[in-house]
Each structure stands twice: as structure tokens, then as C-alpha cells.
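Novice: Here is a sequence together with a model predicted from it:
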Amino acid sequence: MEFLQTCLDGLLFGSAYSLLALSFSLLFGVMKRVNLAFGSSLLLSAVFALWVDSILSVGIIGIFLVMLGSSAIINIYVEKICFYPHRGNYGAIVSMISSFAIWMQLDDLSSFLLPDRTASFPSFLPDSFFIIDLFIRIDQLFLFFIAVLMTGVFFYVLYKTNYGLLLRGVSFDGELARKLGVNSSRISSFAFAFSGVFGAIAAFLILSTESQVTPFFGFWCTLKGLVAMMLGGIGSLPGAIIGGLFLGLIESNVINYLGAEYRDICTYLILLFILVVKPGGIMGSAILRDERAASERI
Amino acid sequence: MSLYLVTVLTNICLFSFIALSAYLILIVGEVSFGQQAFFGIGAYSLAIFYVYFDLSIIYSIFLGMVICFCLGLLLSLLTIKLSGLYFAMATLAFAEVFRLSMNLVRFPIEKDGRATGLNGPEGFENIRWIFENNIDTLGFFYITLIILTILLFCFFILERSFIMKNARIVGKDLILAQSLGINPRPYRLFFIGTAGGISGLGGALFALASTYIEPAMFGMMLGVHSLAYTIIGGLGLPIGPLLGVFIDIGLLESIRFLSEYRMIIFGGLVAIILIFYPEGIISPRIASRIKRFFFSKGFK
């Protein structure tokens, strides 16, 4: 029973990782870019929403909406300054470093708005219930369902809508898409805004289950999202979900059986092991057989 | 020179080592998020050999470098199939495993009445070589400067050799390199291993300079900073990474009066520099122009 409870906790908490990995997967799988500033853009939007709330007292719905809007705007800013100027084939590393610089900038901006280092975040649905001795928190269950739902929405947008088609076209060959009359600048802004909005939903849910914001939230988001995405397999949407859940499972089991100080070591050892043995991740394709992927540098 | 200026210059020299190691890895076309691990391994192995085994300082530094070189070779052998983000994440995982396991190792001892030794997150205190040999801050600055100059000299010799030229081709276009008959694997192994060794050398000097090391010093931020130095400075010449370090540390110190807005200004500035100089300030194109100016007056 203890093992079941641990696994359940891990799965429910892992859904938060899945949400972050999904947002990363969108940018990496579609735009072939690593956005290191992503986590801190979520942090800044959360802190900004709390600041707006402290002045105008907009309530929890208002905080949610402000987070969505500000996150979209911040991500478009990141795209315009870090990614759009380096959109050629060789710009991958440069845009990553540039987004790292913006990460520092956004983190500092959020510490301006967060003078006390920590702020409480409003939570909703704080109830919990038991099924046959298993303790379940409703908000975490909600997070889990949102993660599954968002995978569906992602899939729909990417493969069934016109925008998704354009997005995949630009990612396949930006030059060709431009020649065919696609406004690639608008499309890539759209992709960043889209991932920002989805990331903000994820961040809102995670912060309300944690019920506090700390300055480390941005770094945490970036790192956990990247690790979960690598575990699951780059660019595969079900892979992102499974990677996040797997990460949650590992962490809760390690904490339970070995102790909290071994949590991250085991996570990184497993990540290293998976990268060495099966580099494509759990759900990913074998990267070496995929010639395109092998020749791509980040 | 004032003490403050000497400290800043010493820091610039020390971080140049890790920037140069990131430069070597970027030359063969990979991105490493894990150079801070080699920096840390160099620092820790110096401290362990010097404090626990009472080896002389030269041997300690040398052994640290050898260990870092071997670990770099091992890491690049393990990740020989990986490239791009896969390689970056593998190095990050390696670095974090090192850092977090240093948090768990505790083996404190007492030496000459002072507490020292491995002590988990509290770090390794009292590496007292510079006090035992009466070396002041200026003296230590000269030592690091001399070692850095020797290293740069080796880099310039390497730059003129076929090894560097082939490595640049491997980094720019793998398929072109293979069709020219260059086997990319030895270059990758040699460059990643050497980068580990250089980073370890820097780490050892860092441990001597600060006399105290703790695992939190070798976090991911250090590794990504070293990448940023190299990208800002450019991949054209080994001076590039040094220029990047100088811009970062020098500029940050000079805009200290704006300390509250420091990272806000600096982050934006770096992004804007990269828009105008996407290949870094000393890009390969500018570097070849410089080389032509200096070395080939007989031609044309």
C-alpha cells in the first residue's frame, strides 16, 4: 500500500513536470530551438500577476488571466530579441545563449517585483479525499487531467488547424515556407505566444498546488521541463507526458526509499543512463536512424 | 594597482580557463553545459591531494588535470553517438551528478589545528597554500597570468596546425569533413578531453585563490556563463573567450554603481550584441582577416 501511495503521489506530481515538458516540446519539436528563458518568463508573469492583484485586487480569475496575457507578451519579447534575429540554420547555439542572457534579465525583473523573496499564491480546490486508504489531493488530480487535456489541445492545434500546418511548414524549411508566401515571422511569434500561454496555465496550476512563489521557480521550471522532455523523447507529445510522469515516479520513490538528498542524483543518473543507452528517450525515435535529426545541431 | 583591481583581474584570468575549455568544445561543434563539473573536479582533486595526501602543489595540480582529462575522455566516449541538445543534456546530467554527490561526501579532518577536509554542503575549508608560502594577491595574479599566457601560446601553436583546421571543419559540417577523409571521432575525443583538462587546471587555481570551495560554486550557472563568454567573444581566435570574460566581469564591475539594475542592463546588452555580432565579436571571418594581415605579407 505504501508503494502504491508513493507511486500515486509521484504520478500526480509528475503531471506538473509533464505540463512543463509539453511547452518545451512545442518549442523544441516545432521550432528546433531551446528557450532557456522560458521558466523565468513564467516566473515573471506569475509575479507580475501577483503585483497587479496587490494593487487592483483582481481575484484568482484575474490573476489567471493576467498571467496568460503577460506570459504571451513576455514570450513574444523573448522571441523578437533572441530568436527572430538568429532564425537561420546556424543560429541555434547563439539564440540559446541569447535566451540565457534574457533569462538573467527576467529573473532580476521578477526579484524587483518580489521584494520579500517569497509570496503566497492563491490556491483553489484545496480539498483532498481517500480512495481505499489512498490519499489524493483534488488540485493535483485536476493538474493531471489538465495535462492530458492539454496534450489533446496541442495535438489538435498542431495537426488539425491551419496554423499548425503553417507552424510545421516553417519548422521543416523556413526558407521554402517564406518563398511560398508564409509570414514566418508571425508564425514563429505565434508559436512562442502559444507556448507561453500553455506554460502560464501550467505555472498557475503548479503554483496554486504549491501555494507560494519563490525566486527559484523559474530555474526549477526550465530544468525540470528540459529533463522531463529528454526522458520522454524530444519532439514527441505523448513522450513529454510520459517523461514527466516517469520523472515524478522516480523522484517520489527515491525520496521514499533512499531519502530526499538522493532525489536529484538518481534523476540525473537515470537521465545520463537513458541518454547513453537509448538517446531518443523513452518514446522518441532512434535518433541515429533519423538522418535529419542526426545532422541537426541543437 | 589597488587590491580590488588585482582581485578582479585574477577572477578574469581564472574564468578564462573555463571559457577556453568551452571554446574547444564549441570548435568541434558541440555545446557542453557541463564544463563546471571539470572545474569543480580540478578544484576538489587539488584540495584532496594537497590536504589529505600532502603532495606538492605541482603534483596536485597535475594529477587534477590528468583526472579531468580522463573523465572528459570517458564522458565523450560514453556520449560518442550524441550531438546537439542530447550531448548538452548528457554533460549537464554528468555535472549535476558530480555536484550533488559532493554534497553527500563528508570526511572532515583536522590539520595544524584547523578544521579542513570534505564536509558536504559546508564545503572544503582551509586550503592554505598561498598563506603557507606567503604569496600575496598580486603574486598569485602573476602566477595565474603566466600559466594563462603559456596556455594561450599553446593555443596559438595549435591554431596554426592542421589539427585545429580539421577540427573546425568537423565542427562546421560533419558530412563535408567525412567526405574530405577526416575521421571526426579522434578530434571529438581529443578536444573534449583536453577541454576537461584545461577546465580542471582553472579549477585547481581557483581553489588555491579562494582557499575555500563548496559544491554550490559549481552549479549550472557557471557552465552556461562559460558558454556565453565564448559565444560573445567569438570562435575565431582563442582571444575571443578572454574578451567575453573581460566584457562580462569587467563590465559588471564597472557598472556596479547601477548595481540594482545590473543584470537587467547586462542581459539586454548581451542579447543586443549577439544581434549585431551573431558569430561573436572576433568571428572566424574577422579572425582570418587578422591572420592574413599578420602572417601572409608575401602573398598577393
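Specialist: Now that the structure is in, tell me what you want to look at.

Novice: which residue packs closest to the residue most central in space within chain B, ignoring adjacent ones?
Specialist: For chain B, B:I18 is the residue whose C-alpha lies nearest the centre (CA atoms, centre = their mean; 0.8 Å). In space, and not counting its chain neighbours, B:I18 is closest to B:S226: 4.4 Å by CB to CB, 6 or more residues apart in numbering or on different chains. Quick note: C-beta positions are derived from backbone N, CA and C, even for glycine.

Novice: And the average pLDDT for stretch B:25-42 is what?
Specialist: When pLDDT is averaged over stretch B:25-42, the result is 90.

Novice: buried sites along it?
Specialist: Across stretch B:25-42, burial judged by 16 or more other CB atoms under 10 Å in any protein chain shown covers B:25-42.

Novice: still on that earlier bit, look up how far B:L20 lies from the residue nearest to B:I18.
Specialist: B:S226 is 9 Å from B:L20, where distance means CB to CB, to the nearest Å.

Novice: anything in contact with each of those two?
Specialist: Counting by CB atoms under 8 Å, 6 or more residues apart in numbering or on different chains, B:S226 and B:L20 have no contacts in common.

Novice: Average pLDDT for the helix or strand that contains A:I274, rounded please.
Specialist: Under the criterion of DSSP states H and E, A:I274 resides in helix A:263-277. Taken as a whole, helix A:263-277 has an average pLDDT of 87.

Novice: How far does that helix sit from its chain's centre?
Specialist: When distances are taken as CA atoms, centre = their mean, to the nearest Å, helix A:263-277 is centred 20 Å away from the chain's centroid.

Novice: now the helices: where do they sit in the chain?
Specialist: Let's take chain A. For chain A, applying DSSP state H gives helices covering A:2-25, A:38-56, A:59-78, A:92-113, A:138-160, A:162-172, A:174-179, A:184-210, A:217-232, A:237-257, A:263-277, A:291-295.

Novice: wait, I meant chain B there
Specialist: For chain B, the helices defined by DSSP H occupy B:3-27, B:35-51, B:57-78, B:85-102, B:129-132, B:137-160, B:162-172, B:174-179, B:184-210, B:220-233, B:239-245, B:251-254, B:262-276, B:284-295.

Novice: what residue ranges in chain A score low on pLDDT?
Specialist: Counting by pLDDT under 70, chain A contains low-confidence residues at A:30, A:89-90, A:125-133, A:235, A:283-298.

Novice: so which residue of it comes closest to chain B?
Specialist: A:Q105 (3.0 Å; CB to the nearest CB).

Novice: I'd like to know how far the residue in the stretch 201-300 of chain B that chain A sits nearest to sits from B:Y23.
Specialist: Chain A sits closest to B:G267 of the stretch 201-300 of chain B, with a gap of 3.0 Å, by CB to the nearest CB. Per CB to CB, B:G267 is found 22 Å from B:Y23.

Novice: Which one of the two is surrounded by more residues?
Specialist: The neighbour comparison of B:G267 against B:Y23 (other CB atoms under 10 Å in any protein chain shown) goes to B:Y23, with 28 against 23.

Novice: and the more buried one, what does it touch?
Specialist: Listed by CB under 8 Å, 6+ apart, the contact partners of B:Y23 are B:T230, B:L235, B:P238, B:G240, B:P241.

Novice: from those residues, which would you call buried?
Specialist: Neighbour-count burial (16+ other CB under 10 Å) applied to the contacts of B:Y23 gives B:T230, B:L235, B:P238, B:G240, B:P241.

Novice: Name the nearest residue to the fourth one, ignoring sequence neighbours.
Specialist: Beyond its immediate neighbours in the sequence, the residue positioned closest to B:G240 (CB to CB, 6+ apart) is B:G233, lying 3.4 Å away.

Novice: Backbone dihedrals for B:T79, please?
Specialist: The phi/psi pair for B:T79 (degrees, to the nearest 10) reads phi -100, psi 30.

Novice: list the contacts for it?
Specialist: Shown in contact with B:T79 (CB under 8 Å, 6+ apart): A:L275, A:V276, B:Y86, B:F87, B:A90, B:T91.

Novice: how about a markdown table for those residues, with neighbour count and distance to B:N166 added?
Specialist: Below are these laid out as a markdown table (neighbours: other CB atoms under 10 Å in any protein chain shown; distance: CB to CB, whole Å):
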| residue | neighbour count | distance to B:N166 |
| --- | --- | --- |
| A:L275 | 25 | 27 |
| A:V276 | 18 | 27 |
| B:Y86 | 23 | 23 |
| B:F87 | 28 | 20 |
| B:A90 | 26 | 24 |
| B:T91 | 29 | 23 |
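
Novice: Same list, those residues, but as CSV with distance to A:F124 please.
Specialist: What follows is those, written out as CSV (distance: CB to CB, whole Å):
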residue, distance to A:F124
A:L275, 38
A:V276, 42
B:Y86, 39
B:F87, 42
B:A90, 39
B:T91, 40
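
Novice: Identify, from those residues, the entry nearest to A:L245.
Specialist: A:L275 (18.8 Å; CB to CB).

Novice: what about the closest one, distance to B:G120?
Specialist: A:L275 is 28 Å from B:G120, by CB to CB.

Novice: for B:G234, same thing?
Specialist: Taking CB to CB as the measure, B:G234 falls 40 Å from B:G120.

Novice: the more surrounded of the two?
Specialist: More crowded of B:G234 and B:G120, by other CB under 10 Å: B:G234, with 24 against 16.

Novice: What distance do you get for the more buried one to A:S57?
Specialist: The value you get for B:G234 to A:S57, if CB to CB is used, is 51 Å.

Novice: what about B:G203, distance to B:A195?
Specialist: On the measure of CB to CB, B:G203 and B:A195 end up 12 Å apart.

Novice: So for those two, which sits in the more crowded spot?
Specialist: More crowded of B:G203 and B:A195, by other CB under 10 Å: B:G203, with 34 against 28.

Novice: need the contact list for the more buried one.
Specialist: Contacts of B:G203 by CB under 8 Å, 6+ apart are B:F17, B:I18, B:F38, B:F39, B:G40, B:I41, B:G42, B:A43, B:Y44, B:L46, B:G64, B:C68.

Novice: again, 6 Å this time
Specialist: Going by CB atoms under 6 Å, 6 or more residues apart in numbering or on different chains, B:G203 touches B:F39, B:G42, B:A43.

Novice: Please apply the same query to A:I265.
Specialist: Going by CB under 6 Å, 6+ apart, A:I265 touches B:V97, B:L100, B:S101.

Novice: Only the buried subset of those residues, as a PyMOL command please.
Specialist: Buried members of these, defined by 16+ other CB under 10 Å, are picked up in PyMOL with:
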select buried, chain B and resi 97+100
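
Novice: same for chain A: which of the contacts of A:I265 are within range?
Specialist: B:V97, B:L100, B:S101 (CB under 6 Å from any CB of the partner chain).

Novice: For A:K160, state which of those residues is nearest.
Specialist: B:V97 (41.7 Å).

Novice: Wait, that closest one touches A:C266, no?
Specialist: No: assessed by CB atoms under 6 Å, B:V97 is found out of contact with A:C266, at 9.4 Å.

Novice: burial measure for A:P215, as a count.
Specialist: By other CB under 10 Å, neighbour count at A:P215 equals 16.

Novice: Starting from B:L152, give me the distance back to the nearest residue to it once chain neighbours are set aside.
Specialist: Spatial nearest neighbour of A:P215, chain neighbours left out: A:S111 (5.6 Å); criterion: CB to CB, 6+ apart. A:S111 sits 37 Å away from B:L152, going by CB to CB.
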